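Got a sequence here, can you model it:
(2 chains)
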Amino acid sequence: MNGGPPIPRVIARILIPPMLLYALYVQFHGEYGPGGGFQAGAIAASAIILYGLVFGVSHAQRAVPPAVVIAGMPLGVLIYAGVGIATLALGDNYLAYGALNPDNPPGGQHLGIMLVELGVLVTVFSTMLTIFYAFTEGED
Amino acid sequence: MIELTHMPALVVVAPLMAAALCALIRHSRLCWWLATLTLTFSCVCIVVMGRAVFDGNVLSYAMGSWAPPIGIEYRVDALAAFMLGVVGFMALIVHLYGYRSVRAEIPQPLQGWYHAIYLLCTAGLLGMVITGDTFNAFVFMEIASLSAYTLIAMGKDRRALTAAFQYLILGTIGATFYVIGVGFLYLQTGTLNMTDLDTRLDGIMDHPGVLTGLGFLIAGLALKSALFPLHLWLPNAYAWAPSVSSALLAATATKVTLYLLIRFAYDIFDFDIALAQANWSFVLFVLSLAAITAGSLLAIAQDNVKRMLAYSSVAQIGYITFGIAVANLNSLTGALVHLANHALMKGALFMLLGGVMLRLGSVHLSHLAGIGRQMPWTMAGFVLAGASLLGVPGTVGFVSKWYLAVGALDAGHWSLVIVLMASSLIALAYMGRVIEMVYLRERPADAPTVTEAPPIMLAATWLVLAACIYFGLDTDLTAGLARAAADSIMDQPQ
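Modelled structure (predicted):
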């Protein structure tokens, strides 16, 4: 732990867990209300960025290593596009989520949207952190 | 799984997923092979789809099984198939060519990324062509543009960074104008689907909101296609970019936005009927002539050969918009066939310069003195592609200029034929400068000896050059397809 004023550190410690939890809420509630993978990814990334700003980038990089975020960017795209390939393999059009559960198409749509939003979350989270790490390179 | 019905989706999804895979593995050689496989697959899809739509059929694909016009539609007609062919095949050949060039010009740790972004750019360009949804076209435009800025900036030449930044600012303004235009049309019609838009615009074509939207669309697309005087981003971007990026972007990027311009002007807005009122065709007409003249003249003044070719591209874009503005069947055929032909010859010229860059480390005119004897195949190719640029009979350049000239005569513009001839003469002047330098000057005694470009680069380039000759003699495929495509989108046959 580096020095510096204690107030931001105390507040960050209180705020970061609810921020991550809120990101998950926005992710999983996205199909009923405003929200979804993009917003959830941005909120989760801002929690890590706050951690990095207050406690130092090296701490943030220990929690979420740069190699992970660099792999995460294309991984999210692959999750999203992979869902499309799965629906193709199940005999429907690209990204026709209903095909994921032929007995209950609405259920398949729930599942499909959840999965592609997960892909969006992974890519947005990783991209924001990649940019943050790139800009803070050499500091700390 | 891989059958005709799903090909419209797969042709875009394959390079997109391969791009993500390349970004995961980031191994230069492995990524090159993966990209080769994927681009070949896309080209096979394009050929199969092209055969299916050649006789006037249309392939329509409902993304996510949401029926158009509500869902996003991918739509392949003769025009789209023609353009997909140009983008897909040029991307594949330039990629094969890049096997050596990328290793020489891109820093080692970035080579895997480079292949990933190359695939992403290709996916974006293919998507812009295949989509039947105006907003989806914007999304693909952003994918293609953002990856294009990166492709330009990834080389070792630091001047590319400012060039890419300039392109980023102007390109973003262009894309913003495009999406504002789409917004206006959505406001007036309530649809984003191109076919639906065409139907719903009937009768409200002269509504101020529609005309404003059209103005934004044309300005945005003109900026993205580098139509004079909105060409300022282009010369630096092409000149300082790595050779593979220059060849890909010169062959495809501006062409695809011109394709969108044609799509809007003819398919959606019935250019010949409605636009006459707004005088858009006149504006486009004047700008085209200015582009042809100014681009050619500026090309003469350049000492960097890549920059010279970039200014020549500004002039050639003028030819294409000229064909769009004259608005008859022959001129539109000329514009379309020139989209393909210019992709071939400018692609070949930039590929040849990539070989020079590899061996000589410079494409400055004064450094090229006397290399004609040391790089005979490269420079013979240069002469051939240059002849095509001038429009020598027997090359593709002649075919497109022929159609454009006949189109101008059909419309009663004698003076335009003179402009076309004059600009060919100016092209003779600037290409002649290079040819004089490489063949007639002595190689200075203290200049380093250079060797011929690597076989893989020469083979890929000569494949394109062979196409320049083949399609110049046998016009059935290119001009025939272009004629079929022009026919299908013109509402009033001549």
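
what's downstream of the helix or strand bottoming out on mean pLDDT in chain B, the next helix or strand?
Sorting the helices and strands of chain B by mean pLDDT, DSSP states H and E puts helix B:271-278 at the bottom, at a mean of 56. Moving toward the C-terminus from helix B:271-278, the next helix or strand (DSSP states H and E) is helix B:280-300.

how far off helix B:280-300 does the following helix or strand past that following helix point, in degrees?
Sequence-wise, the next helix or strand downstream of helix B:280-300 (DSSP H and E) is helix B:305-326. Taking axes from the mean of the first three to the mean of the last three Cα atoms, to 10 degrees, one finds helix B:305-326 and helix B:280-300 inclined to each other by 160 degrees.

average pLDDT across helix B:305-326?
Average pLDDT, helix B:305-326: 91.

burial measure for B:L425, as a count.
By the measure other Cβ atoms under 10 Å in any protein chain shown, the count of residues near B:L425 is 10. In short, each C-beta sits where N, CA and C put it, glycine included.

How about the residues of chain A by chain B?
A:71, A:73-75, A:77-78, A:81-82, A:84-85, A:88-89, A:92-98 (Cβ under 8 Å from any Cβ of the partner chain).

Let me know the secondary structure of the closest residue to B:I204 other than its chain neighbours.
Once flanking residues are discounted, B:I204 sits nearest to B:V210: 5.9 Å by Cβ to Cβ, 6 or more residues apart in numbering or on different chains. For B:V210, the assignment made with DSSP: H, G, I helix; E, B strand; the rest coil gives helix.

tell me the contacts of B:V210?
B:F184, B:L185, B:Q188, B:L201, B:I204 (Cβ atoms under 8 Å, 6 or more residues apart in numbering or on different chains).

Of these, select the buried ones using a ChimeraX command.
To isolate the buried members of those in ChimeraX, using 16 or more other Cβ atoms under 10 Å in any protein chain shown:
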select /B:184,185,188,201
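
Neighbours of the residue nearest to B:G124 when sequence neighbours are not counted, how many?
Once flanking residues are discounted, B:G124 sits nearest to B:A144: 3.0 Å by Cβ to Cβ, 6+ apart. B:A144 is flanked by 27 other residues according to other Cβ under 10 Å.

Then B:D476?
Applying other Cβ under 10 Å, we find 9 residues neighbouring B:D476.

Next: A:I14.
9.

and it, what pLDDT?
pLDDT, read off for A:I14, is 94.

Now render the contacts of B:V210 as JSON lines, adding pLDDT and secondary structure.
Below are the contacts of B:V210 laid out as JSON lines (pLDDT from 0 to 100; DSSP: H, G, I helix; E, B strand; the rest coil):
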{"residue": "B:F184", "pLDDT": "94", "secondary structure": "helix"}
{"residue": "B:L185", "pLDDT": "93", "secondary structure": "helix"}
{"residue": "B:Q188", "pLDDT": "90", "secondary structure": "helix"}
{"residue": "B:L201", "pLDDT": "85", "secondary structure": "coil"}
{"residue": "B:I204", "pLDDT": "82", "secondary structure": "coil"}
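
Nearest to B:T122 among the contacts of B:V210?
Comparing the contacts of B:V210 against B:T122 with Cβ to Cβ places B:L185 closest, at 27.9 Å.

Which of the three states applies to the closest residue to the closest one other than its chain neighbours?
Computed as Cβ to Cβ, 6+ apart, the closest residue to B:L185 that is not its neighbour in sequence is B:G213, at 4.5 Å. Three-state assignment for B:G213 (three-state DSSP): helix.

my guess is B:G213 meets B:G183, correct?
Yes: B:G213 is within contact range of B:G183, at 7.4 Å (criterion: Cβ atoms under 8 Å).

so where's the chain uncertain?
I'll assume chain A. A:1-3, A:138-140 (pLDDT under 70).

could you do chain B instead?
Ranges of chain B meeting pLDDT under 70: B:1-2, B:271-279, B:491-494.

For it, which residues are neighbours of chain A?
So chain B meets chain A at B:1, B:6, B:9-10, B:13, B:16-17, B:19-24, B:61-65, B:116 (Cβ under 8 Å from any Cβ).

coming back round to it: any idea how far the residue nearest to B:G124 is from B:G391?
Distance from B:A144 to B:G391, counting by Cβ to Cβ, to the nearest Å: 29 Å.

what sits against B:R159?
Taking Cβ under 8 Å, 6+ apart, one finds B:N236, B:W240 in contact with B:R159.

Please apply the same query to B:Q166.
B:L232, B:W233, B:N236, B:A237.

Can you point out the buried residues in the helix or strand where it lies?
Assigned by DSSP H and E, B:Q166 falls within helix B:159-189. In terms of neighbour count (16+ other Cβ under 10 Å), helix B:159-189 has its buried residues at B:160, B:163-168, B:170-171, B:173-175, B:177-186, B:188-189.

swap in stretch B:299-309?
B:A299, B:Q302, B:N304, B:V305, B:K306, B:R307, B:M308, B:L309.

got the end-to-end distance for it?
7 Å (Cα to Cα, to the nearest Å).

how far is that stretch from where the chain is centred?
19 Å (Cα atoms, centre = their mean, to the nearest Å).

Likewise for stretch B:160-171?
On Cα atoms, centre = their mean, the centre of stretch B:160-171 falls 18 Å from the chain's centre.

For the host helix or strand of B:L465, give me every contacting residue.
Per DSSP H and E: B:L465 is located in helix B:455-473. Applying Cβ under 8 Å, 6+ apart, the external contacts of helix B:455-473 come out as B:90, B:93-94, B:96-97, B:99-101, B:340-341, B:344-345, B:347-348, B:351-352, B:354-355, B:358, B:377-378, B:381, B:384-385, B:388, B:393-399, B:452-453, B:477-479.

Restrict those to the buried ones and give me that as a PyMOL selection.
Remark: buried members of those, expressed as a PyMOL selection using 16+ other Cβ under 10 Å:
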select buried, chain B and resi 90+93+94+96+97+99+100+101+340+341+344+345+347+348+351+352+354+355+358+377+378+381+384+385+388+395+396+397+398+399+453+478+479
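
The contacts of helix B:455-473 in helices, which ones?
B:90, B:93-94, B:96-97, B:99-101, B:340-341, B:344-345, B:347-348, B:351-352, B:354-355, B:358, B:377-378, B:381, B:384-385, B:388, B:396-399, B:478-479 (DSSP state H).

Which single helix of chain A contains the most residues?
Per DSSP H, chain A has its longest helix at helix A:105-135.

residues of it that come out buried?
A:105, A:108-109, A:111-130, A:132-133.

gap between that helix and the chain center?
5 Å.

For the helix or strand where B:V86 lies, name the packing helices and strands.
Using DSSP H and E, B:V86 falls within helix B:78-105. Under the contact definition 3 or more Cβ pairs under 8 Å, 6 or more residues apart in numbering or on different chains; DSSP states H and E, helix B:78-105 sits against helix B:28-53, helix B:111-130, helix B:243-248, helix B:254-262, helix B:329-360, helix B:455-473, helix B:478-489.

Tell me which of those helices approaches B:E73 most closely.
helix B:111-130 (9.8 Å).

Report the angle between the following helix or strand past the closest one and helix B:111-130.
The C-terminal neighbour of helix B:111-130 among helices and strands, as given by DSSP H and E, is helix B:134-153. With the same axes, to 10 degrees applied, the angle from helix B:134-153 to helix B:111-130 works out at 150 degrees.

residues of helix B:134-153 that come out buried?
B:134-153.

Over to stretch A:73-91?
For stretch A:73-91, by 16+ other Cβ under 10 Å, it's A:73-88.

any idea which of the residues you listed is the one closest to B:R443?
Nearest member of the buried residues of stretch A:73-91 to B:R443, counting by Cβ to Cβ, is A:P74, at 47.2 Å.

and the one helix or strand the closest one maps to, what does it pack onto?
Element membership for A:P74, per DSSP H and E: helix A:66-89. Judged by 3+ Cβ pairs under 8 Å, 6+ apart, helix A:66-89 is in contact with helix A:105-135, helix B:7-25.

Quick check: which of those is nearest to B:A247?
B:A247 lies closest to helix B:7-25 among these, at 17.2 Å (Cβ to Cβ).

and that closest one with helix A:105-135, angle?
Going by the same axes, to 10 degrees, helix B:7-25 makes 40 degrees with helix A:105-135.
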